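A.B. asks: Okay, predicted coordinates and the sequence, questions at the end:
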Amino acid sequence: MKAATPRPSVRALSGKRSSYGAARFVSRTSNARSSITADTNSLLHQSPSPKKPLTASPLAKLPLSSVLRSLLILSVSSSSILLKPCIYTLSVLAHPKTALLDVAKNPLLNLLVKHTLYKQFNAGENKLEVQRSINAIKELGYRGVLLGYAREVLVGESNADPRDEKASRQEIQTWLDGTLQTVDMAQEGDFVALKFTGMGVQALEYLQNQAMPSPFMDEAIKQICDLAISRNVRLLVDAEEQAVQPGIEEWATKYQKYCNSRTPGRAIFYNTYQAYLCSTPATLAKHLEISRKEGYTLGVKLVRGAYLKTEPRHLIWAEKEQTDECYDGVVEALLTRKYNHMLTSASAEHSADLPPVNVIVATHNRESVRKAHALRLEQAKRGETSDVELSYAQLQGMADEISCELLQGFQAAESEKKVSESPNVYKLLTWGSVKECMGFLLRRAVENTEAVGRTKQSQEAMFSELKRRARVAFGRKN
């Protein structure tokens, strides 16, 4: 952590709470007792207890099977030698040319993938498996999940005719049924991620041409919105490739107004903004002004971006440091509701304060997470009550050490009465058949080629956790 970051935040996020204070407390309360009684009480206080506010290690809450699986996968992902063959293999499995390599037709291959990569990043293939995954996530202390349906159609990957109305309606209906099922699987307070391209090639063509959805598409999306509102489940639209992203933003604005106008002060429908795009601050400023004029709370999910390998290079910041500056600057503006050097107002009339906004800080970058958390703690320390609903999110199976550290940091802050809010930490999970999720898994692998350093840190964290558990198992100090 940089020296400029407030010191209390570092303690809160690092989770390094010593048992020394607790030992002194036991000693003081035992002064009047015999040494035998004092020793007994000391041993009792050292034994594991469910009332203990913090674990010794942020990753201690993870089951051993998860630690071992993560260590195996992260070891491959963090190796520049092993990662390329892994990506090639996933690409072959995502686009099989023979039944032997098709996970939907080869049961042994399906079993292998499902219990390794699939289980690491995905929620399940049916409602029972998904509900089990959601409950397991919440038992670890997370507020909930961001649950997505894996079905999608990527630009250039389908030969279907978008003018075939019957086939297009069937594609839209299939997507609608799966998405309604996703909303049904989600629990109150969870998020459901939408991929508009999942509606098929006709939707893809509409998005590429920046045309508004057809009446049939519009009715399908509104069905999802109505069900989500009735179940108190929130929706967010995933960002996609730039070939369709401008169209997605137009659609997202339409349905933000449809949903968020019905829930004053709270966003039900969120849009995703990618900080690696040079245009993101201007796009977000424009959407903030639209929400101000239309009178609804803007829902913002901020990511760094996952299409670096395929996007036109001139649209992206030249240096990673510029992306980091963009991300952190936008987060600062949103959480303080003040325009700044990065996020400038799109209206001369409203050049100081932002309109109401809800924010999801969705990143695997530890520094950005800590900066956002430190800013929130500093606001609380000054006695400021923020009306910005803040959530954090990381993909299941990636940056778990950051998610657990964040959870522990919130708990530490609460125990010290520095903030009054409960943790809003979420894990992003995708559900669907192994076959449907192959494209998602491939993108995660490609994404790691741009973040081998970060993945290496995650691998080291998992290895350290495994060593810690081994020391505990053999009776050595934690």
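C.D. replies: Received, thanks. Numbers count the residues shown, from 1 in each chain.
A.B. asks: Give me the below-cutoff pLDDT ranges for the stretch 351-478 of the chain.
C.D. replies: Along the stretch 351-478 of the chain, segments meeting pLDDT under 70 span 410-423, 447-453, 476-478.
A.B. asks: redo that, cut-off 80
C.D. replies: Within the stretch 351-478 of the chain, the segments meeting pLDDT under 80 span 351-352, 385, 409-423, 443-454, 475-478.
A.B. asks: Would you state the strands of it in chain order?
C.D. replies: Along the stretch 351-478 of the chain, counting by DSSP state E, counting those that start in this stretch, strands occupy 357-362, 390-395, 425-431.
A.B. asks: which residues sit against the last one?
C.D. replies: When contacts are defined by C-beta atoms under 8 Å, 6 or more residues apart in numbering, strand 425-431 is touched by residues 121-125, 129-130, 133-134, 137, 141-150, 182, 185, 190-191, 193, 360, 362, 391-396, 403, 406-407, 410, 437, 440. From N, CA and C alone the C-beta is placed, and that goes for glycine too.
A.B. asks: Can you list the strands that that strand pairs with?
C.D. replies: The pairing partners recorded for strand 425-431 under DSSP bridges are strand 122-124 (parallel), strand 144-149 (parallel), strand 390-395 (parallel).
A.B. asks: who touches S261 in this structure?
C.D. replies: For S261, the contacting residues are 294-296, by C-beta under 8 Å, 6+ apart.
A.B. asks: which residues in the stretch 1-150 of the chain form helices?
C.D. replies: Here the stretch 1-150 of the chain has its helices, by DSSP state H, counting those that start in this stretch, at 7-14, 20-29, 35-46, 64-77, 80-94, 107-113, 119-121, 127-139.
A.B. asks: tell me the domain boundaries of this structure?
C.D. replies: Domain assignment for the chain, taken from automatic domain parsing, gives 15-48, 126-431.
A.B. asks: would you turn the ones you listed into CSV with distance to L100?
C.D. replies: Below are these laid out as CSV (distance: least, C-beta to C-beta, whole Å):
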stretch, distance to L100
domain 15-48, 47
domain 126-431, 21
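A.B. asks: Can you tell me which of those is most buried?
C.D. replies: domain 126-431 (a mean of 19; mean count of other C-beta atoms under 10 Å).
A.B. asks: Pull the distance from it to the chain's centre.
C.D. replies: Relative to its chain's centre, domain 126-431 lies at 9 Å (C-alpha atoms, centre = their mean, to the nearest Å).
A.B. asks: Span of it from start to end?
C.D. replies: End-to-end distance for domain 126-431, by C-alpha to C-alpha, to the nearest Å: 8 Å.
A.B. asks: My guess is L442 contacts A94. True?
C.D. replies: Yes - contact criterion C-beta atoms under 8 Å: L442 and A94 qualify, at 4.8 Å.
A.B. asks: which outside residues touch stretch 163-182?
C.D. replies: 127, 147-149, 151, 153, 160-162, 192, 194, 198-203, 216-217, 220, 223-224, 227, 431-432.
A.B. asks: do stretch 205-216 as well
C.D. replies: By C-beta under 8 Å, 6+ apart, stretch 205-216 touches 155, 162, 169, 172, 196-197, 202-203, 217-218, 221, 243-244, 246-248, 250-251, 254.
A.B. asks: Quick one: mean pLDDT over it.
C.D. replies: Averaged over stretch 205-216, pLDDT sits at 95.
A.B. asks: begin at 47 from here
C.D. replies: Yes, from this point I'll number from 47; that puts the last item at stretch 251-262.
A.B. asks: first vs last residue of it, how far apart are they?
C.D. replies: This stretch, stretch 251-262, spans 15 Å end to end (C-alpha to C-alpha).
A.B. asks: Same question for stretch 353-364.
C.D. replies: Taking C-alpha to C-alpha, stretch 353-364 runs 15 Å from one end to the other.
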